Each structure stands twice: as C-alpha cells, then as structure tokens.
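In: one predicted model, sequence on top.
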Amino acid sequence: MRVLVVDDDSSLREGVAALIQESGFDVETAGSGDAADSWVRAVPFSGVVLDLGLPDGDGLALLRQWRRRGLAVPILVLSARGTPDERADGLEAGANDYLPKPFHGRELLARLRRMIQGSTPLIEPLRLGADGDVAFDLVDESVFRDGQPVAISRTLRRVLGVLVAARGRAVSKAHLMDQVRDLEAAASENAVEQWVRRLRQRLGQSLILTVPGQGYAINLPAERAIR
C-alpha cells in the first residue's frame with residue numbers, strides 16, 4: 001500500500017513519511033499542492049496525509065477540488081488548524097479523518113490504518129484489458145488475471161499503476177522513467193520497453209497499447225476508457 005504525505009515543512013514531512021514507512025507502507029512526499037496533485041494524477045494511493053497550510057494555495061481548496069474531480073482516495077488531514085469549526089470544515093470538504101497538530105505518532109498510524117482499512121470494501125479492483133480479464137486493486141496494488149493473483153515486482157506494479165491512473169490516455173516513456181526513479185536509478189527508455197514487455201508477458205499482450213509517438217496506454221474495457 002502506498003501513502004502520499006503532503007506538507008510544506010520538510011522536516012515534519014520527512015518525519016511523518018519515515019514513521020509511516022516504518023509501519024510497512026510505501027510512501028511518497030510532496031511539499032506543495034501542485035506536487036501533490038501531480039502525484040495523485042499519476043499514481044493510485046491507498047491514502048493521503050494532507051496538511052492545509054501549503055505554499056501555493058489552501059489545502060482545503062485542494063481537498064475540495066479532488067473530491068469534485070471524483071478522487072476517492074482516503075484523506076487524513078493533519079493540520080495546526082484544530083478548532084472544532086476548522087475540523088468540521090475539513091470533514092465537510094471531504095476529509096475522511098482530521099488530526100490536529102501537535103499529534104502523537106501512534107495515534108496518526110492508528111487513524112491512518114483504520115481509514116484505509118475502512119475504505120477497502122468501497123473500492124473494487126479496476127478491470128483491465130479489452131475483456132476485463134486482468135484486475136488491479138487500487139488499494140494494495142495487487143494484480144489478478146482470470147481471478148488468480150499474479151506476483152510482479154515493485155517496479156512493474158509502479159509502471160502498471162501509472163498507466164492505470166492515466167485511464168486509457170497515453171503515457172510517455174519519459175514520464176514512466178520519472179515515476180520509477182526512486183526504485184530504478186538507472187531508468188532508461190530501453191528499461192521502460194523491457195518493463196512493458198514483461199507486463200505483457202505476465203498479463204497478456206493486449207493489456208498495454210503502444211501509441212506511436214506518444215508512449216503507452218492501458219487497454220481498458222470500452223466503457224471505462226477516457227479519450
């Protein structure tokens with residue numbers, strides 16, 4: 001499961017990220033609203049920990065924007081704004097939970113786990129492929145083919161997740177390389193081609209489409225694709 005931590009305070013951001021990572025989650029971080037929005041557009045997350053005081057806009061406005069856009073990821077607001085009215089504002093804007101600063105690390109982890117576990121039954125695996133024979137679980141990034149689990153590497157799961165997040169739109173090799181640099185420091189266009197080949201071998205040749213001059217796109221059942 002992957003969690004995004006959004007906070008403009010770098011020391012607090014990295015501290016929270018380390019705490020969550022030590023408890024068994026994969027973690028990404030963002031120091032601004034724009035960076036956070038880029039992450040959630042590119043990668044499916046199991047949860048987001050969101051500060052409201054961001055350098056490029058109000059986190060509450062970003063939260064409302066995400067919900068209007070249909071983003072269903074569970075969001076825990078972690079903010080110094082802790083009055084009852086401020087907490088109510090966050091929950092009404094679409095937060096699943098709200099924890100005022102200062103906070104205790106154990107409570108943060110307990111709330112995060114409960115939030116993610118509580119959302120799991122509401123999120124069905126996304127069906128992939130022209131026939132929908134491949135399923136990708138947006139919560140824990142597990143992969144199934146014809147109902148059977150398929151074990152793939154973290155890098156391949158990341159590549160698949162980025163393609164899935166694009167919902168049928170083309171994703172360039174450069175963008176795929178950028179999204180896996182924390183896992184594959186030597187990422188290259190040749191490496192991207194190899195990852196796509198491996199995914200096709202494991203999950204079906206028709207799962208990933210080559211879009212000439214643009215990159216690759218996930219092949220979704222017709223009613224789910226966004227062009």
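Out: Perfect, I can see it now.
In: what's the weakest-modelled helix or strand in this protein?
Out: Sorting the helices and strands of the chain by mean pLDDT, DSSP states H and E puts strand 126-128 at the bottom, at a mean of 77.
In: poorly predicted segments of this structure, please.
Out: In the predicted model of the chain, residues 119-125, 130-131, 138-140, 222-227 satisfy pLDDT under 70.
In: returning to that earlier point: now the least confident helix or strand of the chain, how far from the centre of its chain.
Out: Distance, stretch centre to chain centre, for strand 126-128: 16 Å (CA atoms, centre = their mean, to the nearest Å).
In: packing partners for that strand?
Out: The elements that strand 126-128 packs onto, with contact taken as 3 or more CB pairs under 8 Å, 6 or more residues apart in numbering; DSSP states H and E, are strand 134-136. For the C-beta atoms, the positions are set from N, CA and C on the backbone; glycine is no exception.
In: mind listing the helices for the chain?
Out: Applying DSSP state H to the chain gives helices spanning 10-22, 33-42, 59-68, 84-93, 105-119, 154-165, 173-179, 189-203.
In: to residue 220, which of these lies closest?
Out: Minimum separation from residue 220 across these (CB to CB) falls at helix 154-165, 8.6 Å.
In: hmm, who's touching that closest one?
Out: The contact list for helix 154-165 (CB atoms under 8 Å, 6 or more residues apart in numbering) reads 26, 41-44, 126, 128, 136, 138, 141, 143, 152, 171, 175-176, 179-180, 183-184, 192, 195-196, 198-199, 202, 208, 216-218.
In: again, only using 7 Å
Out: Identification of contacts with helix 154-165 by CB atoms under 7 Å, 6 or more residues apart in numbering yields 41-44, 126, 136, 141, 143, 171, 176, 179-180, 183-184, 195, 198-199, 208, 216-218.
In: show me how far that helix is from its chain's centre.
Out: Relative to the mean C-alpha coordinate of its chain, helix 154-165 is positioned 10 Å out (CA atoms, centre = their mean).
In: what's the answer for stretch 174-183, then?
Out: On CA atoms, centre = their mean, the centre of stretch 174-183 falls 14 Å from that of its chain.
In: give me the buried entries from the contacts of helix 154-165.
Out: The neighbour count (16 or more other CB atoms under 10 Å) marks 42-44, 126, 136, 141, 143, 171, 176, 179-180, 184, 195, 199, 208, 216-218 as buried among those.
In: okay, the helices of the chain in CSV with distance to residue 148 next?
Out: Output for those, formatted as CSV (distance: least, CB to CB, whole Å):
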stretch, distance to residue 148
helix 10-22, 30
helix 33-42, 28
helix 59-68, 34
helix 84-93, 40
helix 105-119, 24
helix 154-165, 16
helix 173-179, 26
helix 189-203, 11
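In: deepest of those, which one?
Out: Across the helices of the chain, averaging neighbours per residue (mean count of other CB atoms under 10 Å) puts helix 154-165 on top, at a mean of 21.
In: angle of that helix against helix 33-42?
Out: Computed by axes from the mean of the first three to the mean of the last three CA atoms, to 10 degrees, the angle separating helix 154-165 from helix 33-42 equals 90 degrees.
In: quick one: residue 88 from residue 98, how far?
Out: 9 Å (CB to CB, to the nearest Å).
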